[in-house]
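**Student:** Quick one: sequence and predicted model below, then my questions.
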Amino acid sequence: MKAIEIQNLAVTYERQPVLENVNFTIPEGTLTGIIGPNGAGKSTLIKSILHLIPRLSGDIVVYGKPYKKQRNLIGYVPQRSEVDWDFPTNALDVVLMGRYGHIGWIRRPNKKEIQFAYECLEKVGMKEFANRQISQLSGGQQQRVFLARALAQDAQIYFMDEPFAGVDAATEKAIMKLLQEWREQGKTVLVVHHDLQTVKDYFDHCLLLNKTPVDYGPTESVFTLDNLERTYGGAISFLGNSPILTQGG
C-alpha cells in the first residue's frame, strides 16, 4: 500500500529554488533515510509535506487522500535546535501534547491519558524525569522526551528531522530500537540523516536528495557509489562497506 505520494513538489525561498521536480512514493511499513548534502532541501522536504512551509506547487497524498484529511495519521519530531527548550514545561506535559490530536485541545487529559504518557516516557527510559523541566535535561534526554511524545501520538506515519544529531550512543541505540519497532508494526518512518556510514544498517529504503531526488528505493539498490557521487557532487570512497565523502558536498 502507498503511504505517501509526492507529486510535482517545488519549494522556493526568496525566489530561489530549494526543491524542484520532487516525485516519489513511500510504501507503507518502510523505514526511509533522507540523505543528501547540507542545503539539499532535506528538512524543507519534510516541512513542505507537513504544510509547515508554503509550496510553490505539488500535491501530497496520504493513504490515497489529501494530507489535510489525514493529518491525524502523522507524527513529527523536529530538530532539537527548533524547539524552545526554555519554555516552562516539564517532560510529562510535553508528552501529553502528543495526545491532543486524540482528545482535542479543549479537554484536559484524564487519568487514562496521563497513565499512557507515563508509559511512553518509561519506554524511552525517561519516566523518572516526568516532572523535570525540559530546560534541565541533557540533549539526549530532550530527544528521548520528544520520542515519547511521538509515541503518544500513536501515528501511522512519522517524520523525524535529524533525530541522531548531538545525542549519545545510548540514545541513538534507543531511537533505532523504537524506529525498528514502528516498522515491524507496519508504521512508515522517514528520517533526515547525515551519517553515511550507518545508512545501510539503519534504513531499508533511502531517498538521495539534492534539491531534486537523485534516486529512491530499497537501500541495497539505491545507496551506490555512483548515486552518492551524483548526490554530493564530489568524490566518494568506501572503507570496507562504509562510504566516506572525500571532497565536495
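**Tutor:** Sure thing, it's come through. Keep in mind that this is a model prediction, so the values were computed, not measured.

**Student:** element containing residue 175?
**Tutor:** Here residue 175 sits within helix 169-184, counting by DSSP states H and E.

**Student:** Give me the contacts around the next helix or strand after that helix.
**Tutor:** Next along the chain after helix 169-184, taking DSSP H and E as the criterion, comes strand 188-192. The contact list for strand 188-192, computed with Cβ atoms under 8 Å, 6 or more residues apart in numbering, reads 3-4, 26-34, 42-43, 46, 156-163, 179, 182-183, 202-203, 207. Glycine gets a C-beta too; all of them are placed from N, C-alpha and C.

**Student:** Show me these that map onto helices.
**Tutor:** Judged by DSSP state H, the contacts of strand 188-192 include 42-43, 46, 179, 182-183, 202 as members of helices.

**Student:** Just want the angle from the helix holding residue 175 to strand 188-192.
**Tutor:** Note on geometry: by axes from the mean of the first three to the mean of the last three Cα atoms, to 10 degrees, helix 169-184 and strand 188-192 are set 150 degrees apart in direction.

**Student:** Need the contact partners of helix 169-184.
**Tutor:** With Cβ under 8 Å, 6+ apart as the contact definition, helix 169-184 has outside contacts at 29-31, 123-125, 140-141, 143-144, 147, 151, 158, 160, 163-164, 167, 189, 191, 202, 204.

**Student:** that older thread, most neighbours out of the ones in helices among the contacts of strand 188-192, which is it?
**Tutor:** For those, the largest number of neighbours (other Cβ atoms under 10 Å) sits with residue 42, at 25 neighbours.

**Student:** The nearest residue to residue 187 once chain neighbours are set aside: neighbour count?
**Tutor:** Excluding the flanking residues, the one nearest residue 187 by Cβ to Cβ, 6 or more residues apart in numbering is residue 156, at 5.7 Å. Applying other Cβ under 10 Å, we find 20 residues neighbouring residue 156.

**Student:** And the one 10 residues further on, by the same measure?
**Tutor:** Per other Cβ under 10 Å, the neighbour tally for residue 166 reads 14.

**Student:** So for the chain, the centremost residue is which one?
**Tutor:** In the chain, the centroid-proximal residue (Cα atoms, centre = their mean) is residue 160; its distance is 1.4 Å.

**Student:** Can you verify my assumption that that one contacts residue 80?
**Tutor:** No - using Cβ atoms under 8 Å, residue 160 is not in contact with residue 80; the gap is 11.3 Å.

**Student:** Which stretches in this protein count as strands?
**Tutor:** Taking DSSP state E as the criterion, the chain carries its strands at 2-13, 16-27, 31-35, 57-62, 65-66, 74-77, 157-161, 188-192, 205-210, 212-218, 236-239, 242-245.

**Student:** Next up, the contacts around residue 48.
**Tutor:** Shown in contact with residue 48 (Cβ under 8 Å, 6+ apart): 9, 11, 19, 54-55, 58.
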